[in-house]
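Novice: I would like the atomic coordinates for the input below:
(chains A and B)
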Amino acid sequence: MEFSDHIKTANVEDVVLRQPLHPPSRGTLCVTGHHLLFSDREEGSSRQVLLLLRNIDAIEKRTPGSSGTITIKCKDLRVLQLDIPGMEQCLNIAQSIETLSCLDNVSEMYPFFYRPNDLSLREQWGLSTPEKHYTQIKELHRKWRLSSVNKTYSVCPSYPPVVIVPKGIDDETLKKVAKFRQGGRFPVLCYYHRKNGMVIMRSSQPLTGANKKRCKEDELLLQVVIEDSDKGFIIDTRSGQQVQQARMTGGGFESKSCYSHWKRLHKQMERGKALQESLIKLVEACGDESHNVDRWLSKLENSKWLSHVQTALSAAGLLVECVERDGHSALVHGYEGTDCTLLICTLAQLIMDPSCRTLEGFLALLDREWLQAGHPFQQRCAHSAYSHARLQQESPIFLLLLDCVWQLWRQFPLALGFSETLLLRLANEVYASDYGTFLCNNDQERCALEVKDRTHCLFQALLRPPERDYYSNPLYEPNELAIWPSVHPQSLQLWRGFFLRWTQQARHLEAVQEEIRSMVIEWHRVTQR
Amino acid sequence: MLVMMEHIRTPKVENVRLLERSSGQRTAAVGTLYLSATHTIFVENNPETRRETWVLHSMVCCMERPPATPTGSPLVLRCKDFRVFQLLFPLERDCLEVHASLSRLSRPVRYSELYCLSFNPNANKEEREESWSFIDLKADYRRMGVPNNLWVATAANSEYRVCDTYPAELFVPKSATPAVVVGSARFRSRGRFPALSYFHQDTLAAVCRCSQPLSGFSGRCQEDELMLQAVMKANPGSEFIYVVDTRPKLNAMANRAAGKGYESEDHYSNIRLLFIGIENIHVMRSSQQKILDVGEMRAPSVTDFLWGLESSGWLKHIKAVLDAGVFIAKAVADEGVSVLVHCSDGWDRTAQACSVASILLDPFYRTIRGFMVLIERDWVSFGHKFSHRYAHLDGDPKEVSPVLDQFLECVWQLSEQFPCAFQFNERFLVAVHSHVYSCQYGTFLGNSEKERRDMRLRERSYSVWPQLWSERSRFSNPLYKAELSQSQGVLRPNTSPYCFKMWKGLYSHLDKATPPRQSPADFLSAVREESQQLEEELTNQQERLAALTGEPIRWEKTAAARGSSSRLPVTYSGPDPPTHCSGPIGSSEPANQRAQRLDSAPSGSPRSPDVEDDLESGVADLSSRSSCGGEDSKDPELD
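Specialist: A predicted model of the protein is given here:
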């Protein structure tokens, strides 16, 4: 089916666009297969607004009398309003938006059509893979190896073809372990702590089930990892009660009797639907126009979003405590090991490892820990806070990560090589993008659709010179120490730059960042003369 | 001084343990406690640091004596700048003696017992007199173009004849005759007649202030009505004035029963009356106590914290004060309409609303010196009752209220919204706050200009402003640029509820003693300073080059300022220590911005040993602690 089949009215003249922070403007509206284009026709101005249809989360239409009004609520939290003359035109446009904004077929999405002049499809794709990671860390080679057991994605559909595993464990054993872990996600290495040689691994839950099934190979794998030390920690992102319940549905946990050298720590984290609802409530609270402080605070509390931020940061803190302070290796998992697991592994690495805190290092970390590790972006980010669609697999876990990283950035403004603008850009791109990076749910799917050959890579684009400057933190100073965030509620703040980004206040703060940048540039200019 | 000495029952106690609880400190220091006539001084035994902590007696707000434990008798000192010190005495007798001494020492009953009047460092008459002329209010009125053909000085209150809480020199509309001024004063609470607070040259509109009229249910006064007419006439072309009653309407109505109240629109032609609804001093006092409790919560969940914040009502009150200022500023700047502001007596809420309006209207008040002028005018000269509100002397606790605290916080909230608009930083606001309470200088003593004159304060003490001015490099906001658009003109803040945050810098000292987080402000200050230095050097070099033509110049690169902690000044979280004292003073360590939490993290707080066996309790233990050995890892104990 062609896109044009969905477009009954492609052009409307004399449309009034109302958007935050701008006066209303009159012009021409144009609907294409992937975009909504508004061109200002006012005297002496030639402003255009180009909106990816994919960015539209919900639309509301009203047709009082002969004209109509469409309210567009975007995934980047912007709310636009279009006043369209002619009821039929209005309905046609609304219909096109409704259909084209949620195409299911990935290969019809815009990244497959995006062909800017200055980018070539032959350029390198991605920043990091387990292979690259392994090559970079020589210390790993003594006890760890690369395994291609998953090269056809048959052992674990959501893993990349190559992963890092203990040297003493052969591929046959891995296959058996994979059968014992949900979705085949057997324990793999994600981080090596150079200071003490300890590691972080991640996996999914073991399938012990109600009968307390065991898997010798799984026990062996974990035993091999800590052979030189007395114990390791398993950080389970579920509560003790939740893991007991999980057994009833075939899941489970590593019991003390079978994994005697592993100590389990439970840190219950919110996930899935609850997290999505939290986001919806927070966005609703931020849009509340009433001038009542009590009501605001109560809505902010009721959304629980900041509690989730606190939990995530403190879970990451716990993991860092195990590895950095107590000097033990750790395994992290919850249920599938594709959400909270990735969240706290990523945060822990940012806290501990200075090389993850540069612009490039951070993007590489996201590449490894989210894209390669199989976070199902397509399912999680299909809709955002405004959608009326029935929720399925949506969950803003990646947004929660960005918020946590922002809290780190705010508490340690000199320690991260990237700026808030990068986090905001990522928050946009993950929901609607010109680039192929966040398409699909895992490497296998991306491979099948030839995403790497047919779309451009966001991370590479962000590292090109003008962008690189724009997204780096002018105040950055490399710092070898761990950056322990405070998780006291007083230290956590609402991420105004994101949740209130379409208000005047956020503009002031942006101006400040610009001012800081120009001060530092001026300083460099003077010191280098 | 000698008078106070006799209250010291025990001048020195050894082997005392001190824990600054408010700073998040976790281990107590052992040392010797000294009581002087002015300070409680604690000197650490540790021969390497010998750190000293000085607490001015008048900063102690209250004391608690929790039950003795086997390790000793505790005494908790709560300070007016919200620091909390916990002392542990080996002997109960010492604890009682210190408690009894401090009970008296911290509650001076006469002004002469206060630090600024009892202690006179290197008394130098000229220097002292100069300190008082540092802020010149007349010059500020001239700066706003007053007197002019609309506003003139009135002699009505010379020798404080008409109103003893007003300054002697005031500006009133030119058309207001002395008879009108005096008549209006008789019809206003405590004689506080309408007088000029701020004149806006761009629109010719003015902010005036007064107290409530003595109208009761139907009383009227011709002179007062003429006075308000005169205020309107002083704004050419204007057809009405706003009368802003900053009280909740109910409170204002209740006052009518006592023969006071508010202006009736029937009696005063051409006024528009509105109520802003700032609560009274008693509500504010209890609200602040609640937000302090929130700041002291040990390991609250986000829910506890936000509930606490909401139920304290504090941010709601701050918003009300800011809203009042915003309304006035808009009326004056956008509508060009003059505003008359009052509450009951016109010295608390009125001072808040007028000074917030001035800071929004005029960029000058957003500079360090301008801010001093503003406090001097709207608070000190207009008779805000400093001594009563901030409990300088032992007195009625119901008179105490954080009125100026709220003004400072409004300014802080504004500075969060407009980070480039203020020449000063948060430290400056905290320093002003602390001086208001400490009475180290004479500036904030007494309740009115008359009281200060009768006390001969200018002959007996120093003004605080030159002192703060001399520290201005420490108080400067590196982001401030007078030429930035954000710094110019009228500030138009957003007062949506989400713009208000808890002022951590004032209400929680957690961040001050734990190694401070990396501070972009300090970094930028260093950057700015170095850029300027280098620019100067470059100019010098170029001049030299011009002089020695033909001679090649070698450029020497100056060591980068980046990260040099030595540039950062020592910060004191309390009032300044006495000037005669040598050696390490102050209770805070030099801010070392490089230090990370890692170095100071406590050595592994024990993990629950049997996490495996008792899942839920293990979970509870871990989750109640917000990880990372933060400020809330374990209750600090003096053991």
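Novice: what is the longest strand along chain B packed up against?
Specialist: Longest strand in chain B by number of residues (criterion: DSSP state E): strand B:12-20. Counting by 3 or more Cβ pairs under 8 Å, 6 or more residues apart in numbering or on different chains; DSSP states H and E, the packing neighbours recorded for strand B:12-20 are strand B:29-35, strand B:84-89, helix B:92-105. Every residue, glycine included, has its C-beta placed from N, CA and C.
Novice: what does the shortest one contact?
Specialist: Counting by Cβ atoms under 8 Å, 6 or more residues apart in numbering or on different chains, the neighbours of strand B:84-89 from elsewhere in the structure are B:13, B:16-22, B:28, B:33, B:42, B:53, B:55, B:71-79, B:95, B:98, B:296, B:638.
Novice: how about a cut-off of 6 Å?
Specialist: Outside strand B:84-89, the residues that touch it by Cβ atoms under 6 Å, 6 or more residues apart in numbering or on different chains are B:16-22, B:72-78, B:95, B:638.
Novice: how far out from the middle of the chain is the longest strand of chain B?
Specialist: 30 Å (Cα atoms, centre = their mean, to the nearest Å).
Novice: try stretch A:287-298
Specialist: Mean-position distance between stretch A:287-298 and its chain equals 29 Å (Cα atoms, centre = their mean).
Novice: same check on stretch A:236-252?
Specialist: From the chain centre to the centre of stretch A:236-252 is a distance of 25 Å (Cα atoms, centre = their mean).
Novice: would you tell me which residues of chain A are close to chain B?
Specialist: By Cβ under 6 Å from any Cβ of the partner chain, the residues of chain A that approach chain B are A:240, A:256, A:264-266, A:293-294, A:296-298, A:301, A:306-307, A:310, A:314, A:317-318, A:325, A:411-414, A:475, A:481-482, A:484, A:486-490, A:504-505, A:508, A:512, A:515, A:522-523, A:526.
Novice: what residues sit buried inside stretch B:313-323?
Specialist: Of the residues in stretch B:313-323, B:313-323 count as buried by neighbour count, 16 or more other Cβ atoms under 10 Å in any protein chain shown.
Novice: check stretch B:28-37 too.
Specialist: Those buried within stretch B:28-37 under the rule 16+ other Cβ under 10 Å are B:28-31, B:33-37.
Novice: for stretch A:146-165, same thing?
Specialist: Those would be A:147, A:149-150, A:153, A:155-165, for stretch A:146-165 by 16+ other Cβ under 10 Å.
Novice: likewise for stretch A:379-392?
Specialist: Buried residues in stretch A:379-392 (16+ other Cβ under 10 Å): A:380-387.
Novice: chain B: which of the residues you listed is nearest?
Specialist: A:A385 (15.8 Å; Cβ to the nearest Cβ).
Novice: pLDDT value on the spatially closest residue to the closest one that is not a sequence neighbour, please?
Specialist: In this structure, A:A385 finds its nearest non-sequential neighbour in A:V283, 3.8 Å apart by Cβ to Cβ, 6 or more residues apart in numbering or on different chains. Turning to A:V283, the model gives it a pLDDT of 96.
Novice: now swap in the one 5 residues further on and tell me
Specialist: The score at A:D288 is 86. That number is its pLDDT.
Novice: ok, A:Q19 next?
Specialist: Residue-level pLDDT assigned to A:Q19 equals 89.
Novice: do the one 3 residues further on as well
Specialist: The predicted structure scores A:H22 at 86 on the pLDDT scale.
Novice: could you do B:F428 as well?
Specialist: 96.
Novice: same check, this time on the one 10 residues further on
Specialist: As summarised for this prediction, B:S438 has a pLDDT of 90.
Novice: repeat for B:R9
Specialist: Taking B:R9 on its own, its pLDDT is 84.
Novice: hang on, it packs against B:L96?
Specialist: No - here B:R9 lies out of contact with B:L96, judged by Cβ atoms under 6 Å, at a distance of 8.8 Å.
Novice: which element is B:A153 on?
Specialist: strand B:151-154 (DSSP states H and E).
Novice: make JSON lines out of the buried residues of stretch A:379-392 and add pLDDT and secondary structure.
Specialist: Output for these, formatted as JSON lines (pLDDT from 0 to 100; DSSP: H, G, I helix; E, B strand; the rest coil):
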{"residue": "A:R380", "pLDDT": "95", "secondary structure": "helix"}
{"residue": "A:C381", "pLDDT": "94", "secondary structure": "coil"}
{"residue": "A:A382", "pLDDT": "91", "secondary structure": "coil"}
{"residue": "A:H383", "pLDDT": "92", "secondary structure": "coil"}
{"residue": "A:S384", "pLDDT": "93", "secondary structure": "coil"}
{"residue": "A:A385", "pLDDT": "92", "secondary structure": "coil"}
{"residue": "A:Y386", "pLDDT": "93", "secondary structure": "coil"}
{"residue": "A:S387", "pLDDT": "89", "secondary structure": "coil"}
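Novice: biggest separation within these, which pair?
Specialist: Spatially, the most separated pair among those is A:R380 and A:Y386, at 16.1 Å (Cβ to Cβ).
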